[in-house]
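Chemist: Model the following, please.
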Amino acid sequence: MINVEDLFGQLRRRPDVEAANLFAVDAADRLILDLAADDVDAAAPGALAVIGDSYGALTLGAAARFGSTGIRVHQDFVTGEQALVANAADAELTGAFRHCGLNEDLLSGATVVLMRLPRSLAELAETADAIARFASPEVKVFAGGRDKHLTPAMNEVLGRSFEVVQPSRGRQKSRVVVAATPRPVGEPEFPVSAREADIDMEIVAHGAVFAGTKLDLGTRFLLDFLPKMKRYAETAVDLGCGTGVLAVQLARQRPTLRVVGVDASAAAVASTLATAERNGVADRVTAVRDDAMSSLADGSVDLIVCNPPFHVGAAVHTGPALGMFRAAGRVLRPGGELWTVFNSHLNYRGVLEQSVGQTDIIGRNPKFTVTRSRRDR
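Modeler: Numbering: from 1, shown residues only. Prediction:
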């Protein structure tokens, strides 16, 4: 069996962004495993669930340190899943786990849950409810993170689903909250929905989706330009679709257009599909969980709309956006258009020119810039 520290030393983030200031394992992962050691060691095969494991440190750490098998894992981002699979292959631990959705398949009979605390309280609330709803009544949850990302409100959210919520002592600027004794559950709170009056749209959101049921300011600005986008387009992609607002609005404005929402997040894909259904365009809006359109063929799309992220987890980083732009250059047909909105200080125009083609600034307000990039070859 591989030594845990040797394992941690070889973990990588690929296919996610890799950089000197981005890590595949940190002190919070180590603290979670240390505090949960007795419970994980005593858990029956198949009774351990792992949620939000960034790149496999918790899952593979439990397999290497305690010999855990039948581990059930939920990772919202497909890049995290792919990193775990690759890291497991490197460590010869591929058979120790399987992936599940955030549902009964993940949690039924689970007596121990290891998880990274998400920054979003809504995501934490949906996760805590799922654990209380489906796991064993004897379940213990070890939820940890870096001090700078933790707030007292997280304890309050966990307290809505568990009678016992006990923060640990800190170590190396990390902390773990231990939750136990699930409270009785009622009807599920998520997904939530709200009507956005400005665009007359019902937005549906799972907890992990950026901005929830609110209309993100960048998306709001880009919506103004939908009528100017490529005429006679037959296929379009909402790249980084989130709740699917752009995809649904495109479909509503253009009755012959077929739109695919693409996002690395399982919660985003589910939210987009639900938003399309709620607004009557589910027959023309689909969604796929994918890393930067890797499943779409070269030269297959007429129009792409994109409000790219500017961070990786908690770290500000332009890597995901640059990957999206390169993918757009590959997937667009000759003459196809990429419409992008971004914070003006990021000044993506030169990168868009290199990745796609001629790029023009079409709109600008005090915070955001909208560009149109044409693939000419």
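Chemist: neighbours of Ala282, just the number please.
Modeler: As a burial measure, Ala282 scores 15 neighbours (other C-beta atoms under 10 Å). No exception for glycine: its C-beta is placed from N, CA and C like everyone else's.
Chemist: quick one: it and Ala276 touch, right?
Modeler: Yes: counting by C-beta atoms under 8 Å, a contact exists between Ala282 and Ala276, whose distance comes to 4.6 Å.
Chemist: Is the spatially closest residue to Ala236 that is not a sequence neighbour in a helix, a strand, or coil?
Modeler: Sequence neighbours aside, Leu303 is the residue nearest to Ala236 in space, at 4.1 Å (criterion: C-beta to C-beta, 6 or more residues apart in numbering). Of the three states, Leu303 takes strand under DSSP: H, G, I helix; E, B strand; the rest coil.
Chemist: go on, Arg372?
Modeler: Per three-state DSSP, the local secondary structure of Arg372 is strand.
Chemist: what's the burial count for it?
Modeler: Neighbour number of Arg372 under other C-beta under 10 Å is 20.
Chemist: In contact with it, which residues?
Modeler: Residues near Arg372 by C-beta atoms under 8 Å, 6 or more residues apart in numbering: Lys228, Met229, Glu337, Leu338, Trp339, Thr359, Asp360, Ile362.
Chemist: make it 10 Å
Modeler: Taking C-beta atoms under 10 Å, 6 or more residues apart in numbering as the contact definition, Arg372 lies against 225, 228-230, 337-340, 352, 356, 358-363.
Chemist: So how do I select the buried members of those in PyMOL?
Modeler: Paste this into PyMOL to select the buried members of the contacts of Arg372, with burial taken from 16 or more other C-beta atoms under 10 Å:
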select buried, resi 225+229+230+337+338+339+340+352+356+359+362+363
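Chemist: what ranges do the helices span in the stretch 51-200 of the chain?
Modeler: Listed in chain order, the helices of the stretch 51-200 of the chain (DSSP state H, counting those that start in this stretch) span 57-66, 78-91, 104-107, 121-134, 152-161.
Chemist: Out of the ones you listed, which gets nearest to Leu217?
Modeler: Nearest to Leu217 among the helices of the stretch 51-200 of the chain is helix 121-134; the distance by C-beta to C-beta comes to 18.4 Å.
Chemist: ok and the closest one relative to helix 152-161, angle-wise?
Modeler: Interaxial angle of helix 121-134 relative to helix 152-161 (axes from the mean of the first three to the mean of the last three C-alpha atoms, to 10 degrees): 20 degrees.
Chemist: Buried residues, helix 121-134. List them.
Modeler: Applying a neighbour-count criterion of 16+ other C-beta under 10 Å, the buried positions in helix 121-134 are 122-134.
Chemist: Tell me who's in contact with the closest residue to Val85 other than its chain neighbours.
Modeler: Of all residues not flanking Val85 in the chain, Thr94 sits nearest, at 7.4 Å (C-beta to C-beta, 6+ apart). Under the criterion of C-beta under 10 Å, 6+ apart, the neighbours of Thr94 are Ala63, Leu84, Val85, Ala86, Asn87, Ala88.
Chemist: The second one contacts Gln75, doesn't it?
Modeler: If I follow you right, that is Leu84. Yes: contact status for Leu84 versus Gln75: in contact at 6.7 Å, counting by C-beta atoms under 10 Å.
Chemist: re the thing from before, can you pick out the most distant pair from the contacts of Thr94?
Modeler: The most distant members of these, if one measures by C-beta to C-beta, are Ala63 and Ala86, lying 15.0 Å apart.
Chemist: So for the two, which residue has more residues nearby?
Modeler: Remark: of Ala63 and Ala86, Ala63 carries more neighbours, 25 against 18, as counted by other C-beta under 10 Å.
Chemist: can you pull the contacts of the closest residue to that one other than its chain neighbours?
Modeler: Spatially, and ignoring its direct neighbours in sequence, Ala63 is nearest to Ala96 (3.8 Å; C-beta to C-beta, 6+ apart). Residues touching Ala96, when contacts are defined by C-beta under 10 Å, 6+ apart, comprise 48, 59-60, 62-64, 67-71, 73, 88.
Chemist: and what of Met293?
Modeler: 237, 239, 260, 262, 300-301, 304, 323-324, 326-328, 330-331.
Chemist: For ChimeraX, write the selection for the buried entries among those.
Modeler: A single ChimeraX command is used to select the members of those judged buried by 16+ other C-beta under 10 Å:
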select :237,239,260,262,301,304,323,324,326,327,328,330,331
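Chemist: Considering the contacts of Met293, which member attains the minimum pLDDT?
Modeler: The member of the contacts of Met293 with the lowest model confidence is Gly323, at 91 (criterion: pLDDT).
Chemist: I'd say that residue and Asp290 touch.
Modeler: No: contact status for Gly323 versus Asp290: not in contact, 11.9 Å apart, counting by C-beta under 10 Å.
Chemist: Could you pull out the helices in the stretch 251-377 of the chain for me?
Modeler: Listed in chain order, the helices of the stretch 251-377 of the chain (DSSP H, counting those that start in this stretch) span 266-278, 319-331, 349-355.
Chemist: which neighbours do Ala282 and Ala276 share?
Modeler: Val248, Ala251.
Chemist: Report the contact partners of Pro167.
Modeler: Contact analysis of Pro167 by C-beta under 10 Å, 6+ apart lists Ala143, Gly144, Leu150, Pro152, Met154, Asn155, Leu158, Arg175, Val176, Val177, Val178.
Chemist: any low-confidence regions in the protein?
Modeler: Across the chain, residues meeting the criterion (pLDDT under 70) sit at 1, 310-318.
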